[in-house]
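*Asks:* please find the sequence and the predicted model below.
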Amino acid sequence: MSLFSVFNIAGSALNAETIRLNTTASNLANAESVSGDPSKVYRARQPVFQTIMDRAGTNAQGVNSTAGVRVLGIMESAAPPQMRYEPGSPLANKKGYVYMSNVNPIEEMTNMISANRSFATDVDAINTARDLLLKTIAMGR
């Protein structure tokens, strides 16, 4: 693997972490949403990642043509929504219950911290690769 591949790999990871952060932010923004119908209430979403390691396109030096991470999609949680008895709510069903989102704010905050740290690590990898390339160029002078 060449040093230039680091930029492609870390770039794909930055893109994946950005999607993860945006999904987490969306979940947190909708954590307190309610509905009178369990099928219409907001459900937590999580991105699904896939590792890319394409060996079909290797060159004579054995350098992979493609490596990194890909976002396959956003999956919706299958966990049931929470029921809360609020007979005064305009969204309450005939029995007086509203359905709350199944988002767990503590899990989402933990996910956000993890994504933030992964993002920072990817940026550090890019900066380190850049510094190594600049030092290599400086050696040739």
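*Replies:* Nice, thanks for sending it over.
*Asks:* report the secondary structure state of the residue sitting nearest the centre point of the chain.
*Replies:* Nearest to the geometric centre of the chain sits residue 20, at 1.6 Å (CA atoms, centre = their mean). Counting by DSSP: H, G, I helix; E, B strand; the rest coil, the backbone at residue 20 sits in helix.
*Asks:* not counting residues beside it along the chain, what's closest to it?
*Replies:* Closest residue to residue 20 apart from its sequence neighbours, by CB to CB, 6 or more residues apart in numbering: residue 115 at 4.4 Å. Where C-beta positions appear, they are placed from N, C-alpha and C, glycine not excepted.
*Asks:* distance from the helix or strand where that neighbour lies to the middle of the chain?
*Replies:* Secondary structure assigned from DSSP states H and E places residue 115 in helix 105-139. The gap between where helix 105-139 is centred and where its chain is centred comes out at 15 Å by CA atoms, centre = their mean, to the nearest Å.
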